[in-house]
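**Student:** got a predicted model here, sequence first, then my questions.
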Amino acid sequence: MYADTNSYLGAVIDSDYVASIVGSLRGERRDDRIDVNHQPRSWAGVFPGPLKVSFPQFSKADSSKAIPDIAEFQGRLFLNEKACSILQPLIGEDGEFLPAIYEGGNGYIFTPLRVAEDVDGLDQALSRKNDWGDVEHLVFDEQKVDEWSVFRCEFTAFVRLYCQESVKDVIEAANLTGLYITNDLANIFPEEKSAVFRLN
């Protein structure tokens, strides 16, 4: 799953707010910088209040884009209240929800904590990268990840997000906006448009 940046604005965690709580990128608590640390770790207790999230416009084309119900970024999800209420029963066991605020009101940052590794879901024999480190093939052992609704993997540096068909179905049925889904796990920009399913 990945963000539909053609139609919707992307989510950004407020770095000034994060720095005011945990310090600079050179400080002792740099690992607590959720704005730059993509690791699948718990953030519970790090921030005393909701994380500030914005949806900046970087170009004139962005002025026509809306804030989505769901935004995928850095291997995480931003969820507005509607999206969270719909998805939490399905994905709640797979990660952690942190309260967030944005210009549209209240929301949540969902950090997936399930990780597919070579011994726990990733098929190391079939997954490989090219000489430049780009992922060419990515294969999961379906039996090992079938009870996870949303997960990440170290093979893609934790910045890509994978989900089961059931998650796609719930998002589609609820008309939640902001995502693309593709079965081409190694390529988030497949040339074949038939390989991409835009959700709402």
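**Tutor:** Good, I have the coordinates. The model shown is predicted, which means the values in this text are computed figures rather than measured ones. Residues are numbered from 1 along each chain as shown.
**Student:** give the bridge partners for Arg152, please.
**Tutor:** Taking DSSP bridges as the rule, Arg152 bridges to Val115.
**Student:** dump the residue contacts of it.
**Tutor:** Contacts for Arg152 (Cβ atoms under 8 Å, 6 or more residues apart in numbering) come out as Pro40, Gly75, Pro112, Arg114, Val115, Ala116, Phe158, Val159, Arg160, Leu161, Tyr162. All C-beta atoms are positioned from the backbone trio N, CA, C, and that covers glycine.
**Student:** in a markdown table: the residues you listed, plus secondary structure, distance to Ala173 and neighbour count.
**Tutor:** Converted to a markdown table, these look like this (DSSP: H, G, I helix; E, B strand; the rest coil; distance: Cβ to Cβ, whole Å; neighbours: other Cβ atoms under 10 Å):
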| residue | secondary structure | distance to Ala173 | neighbour count |
| --- | --- | --- | --- |
| Pro40 | coil | 28 | 18 |
| Gly75 | coil | 25 | 20 |
| Pro112 | strand | 21 | 22 |
| Arg114 | coil | 23 | 20 |
| Val115 | strand | 28 | 17 |
| Ala116 | strand | 26 | 23 |
| Phe158 | coil | 28 | 20 |
| Val159 | coil | 28 | 12 |
| Arg160 | coil | 24 | 19 |
| Leu161 | coil | 20 | 23 |
| Tyr162 | strand | 20 | 23 |
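**Student:** nearest to Lys129 among those?
**Tutor:** Nearest to Lys129 among these: Arg160, at 13.2 Å, using Cβ to Cβ.
**Student:** show me where this structure has helices.
**Tutor:** Assigned by DSSP state H, the chain shows helices spanning 15-22, 81-91, 142-145, 165-173.
**Student:** how close does the residue nearest the centre of the chain get to Phe110?
**Tutor:** In the chain, the centroid-proximal residue (Cα atoms, centre = their mean) is Arg76; its distance is 2.6 Å. Using Cβ to Cβ, to the nearest Å, Arg76 is found at 6 Å from Phe110.
**Student:** what bridges to Lys129?
**Tutor:** According to DSSP bridges, beta-bridge pairing links Lys129 with Val135.
**Student:** strands of this protein, residue ranges please.
**Tutor:** For the chain, the strands defined by DSSP state E occupy 2-3, 12-13, 51-54, 70-73, 76-80, 95-102, 105-112, 115-116, 128-129, 135-137, 150-153, 162-163, 179-182, 196-199.
**Student:** tabulate those (a markdown table), appending distance to Gln88.
**Tutor:** What follows is the strands of the chain, written out as a markdown table (distance: least, Cβ to Cβ, whole Å):
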| stretch | distance to Gln88 |
| --- | --- |
| strand 2-3 | 20 |
| strand 12-13 | 20 |
| strand 51-54 | 17 |
| strand 70-73 | 12 |
| strand 76-80 | 8 |
| strand 95-102 | 7 |
| strand 105-112 | 8 |
| strand 115-116 | 20 |
| strand 128-129 | 34 |
| strand 135-137 | 30 |
| strand 150-153 | 11 |
| strand 162-163 | 14 |
| strand 179-182 | 16 |
| strand 196-199 | 18 |
